[in-house]
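Participant: Here's my sequence, what's the structure:
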Amino acid sequence: MTNLFSVFDPSSSILNLSLNWLSTFIGLLFIPSMYWFMPSRFHLIWNKIITTLHSEFKTLLGDPNQKGTTLIFVSLFSLILFNNFLGLFPYIFTSTSHLTLTLSLSLPLWMAFMVYGWLNHTQHMFTHLVPQGTPAILMPFMVCIETISNIIRPGTLAVRLTANMIAGHLLLTLLGNTGPSLSSLMISILLITQILLLVLESAVAIIQSYVFAVLSTLYSSEVI
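Facilitator: Predicted coordinates for the structure are as follows:
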């Protein structure tokens, strides 16, 4: 099992400082092209994506008076998307496949929402604990269920992203390791399978970053 998951372990280091986590910031190298005098095709596509996300997150938040609230969620989407994609390249550490990073993103966000909600909209937060139309006899149970579901939210956000990133990468690694022992016909089938899995992983990278950002937006809209 140690060898199986060793592909996800930080290994490059200088003076006992892990360098693999620096791959998290490689995504920043894609940003300077946005400041070119003539925008590139990448800039135009990325601008379109960000504009679409901004309008969608504004709809989810539901409060047009709070300007700039979508900025943090669009930035979160960009960070996770870049890291998910960079993890598909050989010899680049996949930081989003570690709970250290995903929990560091989800836990402070959730904690900030909770503190803000309970301090400023206490009555509104209490009403969320009992869904509308719940019979009086079931109210204590619903409060317990809603409280537990609220507490595990940062964990589910973090584990969902981590598990999806690990699953695909692990499958690609396991299939790739069987290559040297296969015949020429099987290697060609393996290559086709790996390409299809890589396409699937690219789709998962986009979907998971989108799901993380959308769920964070929905959680914030509950406390506003």
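Participant: can we go C-alpha only for contacts and neighbour counts from here?
Facilitator: OK.
Participant: For the chain, give me the ranges with low pLDDT.
Facilitator: 1-13, 15-17, 34, 63-66 (pLDDT under 70).
Participant: change it to 80
Facilitator: Counting by pLDDT under 80, the chain contains low-confidence residues at 1-23, 27-40, 62-68, 90-91, 127-128, 130-136, 138, 179, 224.
Participant: give the contact list for the closest residue to residue 57 other than its chain neighbours.
Facilitator: In this structure, residue 57 finds its nearest non-sequential neighbour in residue 70, 6.0 Å apart by CA to CA, 6 or more residues apart in numbering. Residue 70 is in contact with 54, 57, 58, counting by CA atoms under 8 Å, 6 or more residues apart in numbering.
Participant: Name the member of these that has the highest neighbour count.
Facilitator: residue 57 (21 neighbours; other CA atoms under 10 Å).
Participant: coming back round to it: adding distance to residue 220, write the contacts of residue 70 out as JSON lines.
Facilitator: Below are the contacts of residue 70 laid out as JSON lines (distance: CA to CA, whole Å):
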{"residue": "54", "distance to residue 220": "15"}
{"residue": "57", "distance to residue 220": "11"}
{"residue": "58", "distance to residue 220": "12"}
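Participant: could these be laid out in JSON lines, adding distance to residue 194 and secondary structure?
Facilitator: Formatted as JSON lines, those follow (distance: CA to CA, whole Å; DSSP: H, G, I helix; E, B strand; the rest coil):
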{"residue": "54", "distance to residue 194": "34", "secondary structure": "helix"}
{"residue": "57", "distance to residue 194": "35", "secondary structure": "helix"}
{"residue": "58", "distance to residue 194": "38", "secondary structure": "helix"}
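Participant: For this structure, which segments are assigned as helices?
Facilitator: Taking DSSP state H, the helices of the chain run over residues 41-61, 70-86, 99-120, 122-128, 139-151, 153-177, 184-223.
Participant: wait, which of the ones you listed is closest to residue 23?
Facilitator: Proximity to residue 23 (CA to CA) singles out helix 70-86 among these, at 7.8 Å.
Participant: these two touch, right, residue 23 and residue 89?
Facilitator: No: between residue 23 and residue 89 there is no contact under CA atoms under 8 Å: 11.2 Å.
Participant: Which one's more surrounded, these two?
Facilitator: Between residue 23 and residue 89, counted using other CA under 10 Å, the more crowded position is residue 23 (17 against 10).
Participant: leaving aside the residues next to it on the chain, what's closest to that one?
Facilitator: Nearest one to residue 23, counting by CA to CA, 6+ apart, is residue 93 at 6.3 Å.
Participant: and the spatially closest residue to residue 159 that is not a sequence neighbour, how many residues sit next to it?
Facilitator: The shortest distance from residue 159 to any residue other than its chain neighbours is 6.9 Å, reached at residue 99 (CA to CA, 6+ apart). By other CA under 10 Å, the residues close to residue 99 number 17.
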